[in-house]
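Following is a predicted model, sequence given first.
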Amino acid sequence: MQNALIANFFAQLCLAALALAAPVADQVTAQKTDAWQYGTGGGIIGLIVLILDIIVFVEVIKSNRPGVNKLLWSLLIFFFPLGGLIIYWLFSNREAHNSSSGYETLP
């Protein structure tokens with residue numbers, strides 16, 4: 001009996017969440033057409049940041065850093081794409097960890 005009440009409550013809670021998430025006609029506004037689209041869509045600036053982040057990921061993986069440091073730099077860049085990119089370029093000491101021999105396997 002109690003399991004049925006919990007399941008019923010959960011189902012009603014899910015339906016209420018869906019009803020509240022539905023768009024209301026009065027709240028819909030016309031979208032501006034902005035060529036850069038810096039907002040939530042990303043646009044050209046988001047694409048540039050994505051390409052730079054991919055370049056940094058490859059550079060981190062190819063470096064001769066210990067595996068833990070590679071993981072930490074990658075997580076920083078993954079969770080904070082623009083800020084992590086700036087922090088990496090400023091504080092990573094890239095010249096000291098540059099390996100021209102290719103990829104290094106993780107232990």
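Happy to help now that I have it.

Name the SS class of Asn93, please.
coil (DSSP: H, G, I helix; E, B strand; the rest coil).

and the gap between it and Gly84?
With distances defined as Cβ to Cβ, to the nearest Å, the gap from Asn93 to Gly84 amounts to 16 Å. To be clear about C-beta, it is placed using only N, CA and C from the backbone, and glycine gets the same treatment.

Who are the packing partners of whichever strand or helix holds Leu52?
Taking DSSP states H and E as the definition, one finds Leu52 inside helix 43-62. Using 3 or more Cβ pairs under 8 Å, 6 or more residues apart in numbering; DSSP states H and E as the contact criterion, the elements in contact with helix 43-62 are helix 67-79, helix 81-91.

Neighbours of Phe78, how many?
Summarising burial for Phe78: neighbours were counted as other Cβ atoms under 10 Å, giving 11.

Can you pull out the low-pLDDT segments for this protein?
Counting by pLDDT under 70, the chain has low-confidence residues at 1-3, 5, 7, 9-10, 13-42, 99-107.

Next up, phi/psi of Asn93, please.
Backbone torsions of Asn93, given as degrees, to the nearest 10, read phi 50, psi 60.

how close does it sit to Leu50?
Relative to Leu50, Asn93 is positioned 25 Å away (criterion: Cβ to Cβ).

Quickly find the element holding His97.
Assigned by DSSP H and E, His97 falls within no helix or strand.

quick one, phi psi at the residue lying closest to it once chain neighbours are set aside?
In space, and not counting its chain neighbours, His97 is closest to Ser63: 4.2 Å by Cβ to Cβ, 6 or more residues apart in numbering. According to degrees, to the nearest 10, the main-chain angles of Ser63 amount to phi -70, psi 170.
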